[in-house]
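> Need the 3D shape of this:
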Amino acid sequence: MASRCRSRCGRCWKSGLPFRQTTITRRSQHRLDKVLDRIHILEGRQTVLLNIDEVIAIIRAAEEPKAALIARFNLSDRQAEDILEIRLRQLARLEAIKIEQELKELRESQGKLEDILNNPGSLRRTMVKEIEADAKTFADPRRTLIQAEKKAVAEVKVVDEPVTVVVSQKGWVRARNGHGHEAASFAFKAGDGLYGTFECRTIDTLLVFGSNGRVYSVPVAALPGGRGDGQPVTTLIELESGTAAAALLCGPGTGPAAAGQLGGLRLCGSGRKHGVAPEGRQGLCDAGRWRERCAPRRTPPAPPAASRWRPPRMWPVRPRAVAS
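Prediction:
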């Protein structure tokens, strides 16, 4: 799990670094444009400051002071517009020292920004510094514990008790505690009757043979209780579309992992579905062919002991010769 987390973090970094690099580049370019514009303005003011009296006279006397300033001091349109927007009193108070100091700071910023934009190494160093600064500002202790995953196993303990599974002709199933119940004691819905009873235990499995040749298993412990009409067996399994329950079977040795002889059938595999094939063959078979074999059968009562008695076998006796 730790290796997967590291790989995911690596993918996040790889996808995030280009975005941060683009952000720094665009931000630096935007700041450089602002700095160059401010330098351009200050250079025009610096030129005007050296000839402040002449500039004031041009502004007062000329009909088109903007064109006159551009022609006289070789200013740009942006610089001339800035000079005309300043009031005459503020224009006279311009200080050369402050302009020089601001120009010096702006040119230093210009050099740093151009170095970031033109030098990939400077761009990477700037990116690392910003990431470290963000980590110090926004970092907090990890709240999620990362450890090796463990497989969770849900164990449901089932008490081993004798039960009787009652199945109706319309496929309703229920489980009644104990064995030896009379068939007449079971009640069903109108139009329904007894399909069969299976005396088994709560740890056994009810097998449902589908018309598609598959077997579906339902734990006996999951069946509804004996009170009431029970529950349709089709609600306890996942039948494919167009498939019906053809037969049911329950008893010892019918667990999902069982592989044995059940009325001439062989159950293979485990889980909710099991393949069914006649003995000696592989693949699926039509469950309708084996419906009679899977149907519950009642064992006839044993004959009384007297009827099982057989007389001893009498061997023939050869006649002896009689002496004359």
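
> Kindly state the pLDDT recorded for residue 302?
In the predicted model, residue 302 carries a pLDDT score of 47.

> Start from the N-terminal end of this protein and give the strands.
With strands called from DSSP state E, the chain shows them at 162-168, 172-177, 194-201, 205-210, 214-219, 231-232, 245-251, 261-262, 265-268, 273-278.

> so which of the ones you listed comes closest to residue 225?
strand 172-177 (6.6 Å; C-beta to C-beta). C-betas here are computed from N, CA, C, even on glycine.

> low-scoring pLDDT stretches of this structure, where are they?
Applying pLDDT under 70 to the chain picks out residues 1-10, 12-13, 88, 92, 252-324.

> the longest helix in it is where?
For the chain, the longest helix by residue count, based on DSSP state H, is helix 2-49.

> From start to finish, how long is stretch 197-214 in a straight line?
With C-alpha to C-alpha, to the nearest Å as the measure, stretch 197-214 spans 22 Å from end to end.

> right, and residue 246 touches residue 207 too?
No. Residue 246 is beyond contact range of residue 207, at 11.2 Å (criterion: C-beta atoms under 8 Å).

> what about residue 107, neighbour count?
Here the neighbour count serves as a burial measure; for residue 107 (other C-beta atoms under 10 Å) it reads 11.

> That one contacts residue 39, correct?
Yes. Because the distance of 6.8 Å satisfies C-beta under 8 Å, residue 107 is recorded as touching residue 39.

> Single out the most deeply packed of the strands of the chain.
Of all those, strand 205-210 has the most neighbours on average by mean count of other C-beta atoms under 10 Å, namely a mean of 23.

> That strand pairs with which strands, parallel or anti?
strand 214-219 (antiparallel), strand 245-251 (antiparallel) (DSSP bridges).

> can you redo those as TSV with distance to residue 161?
Below are these laid out as TSV (distance: least, C-beta to C-beta, whole Å):
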stretch	distance to residue 161
strand 214-219	13
strand 245-251	15
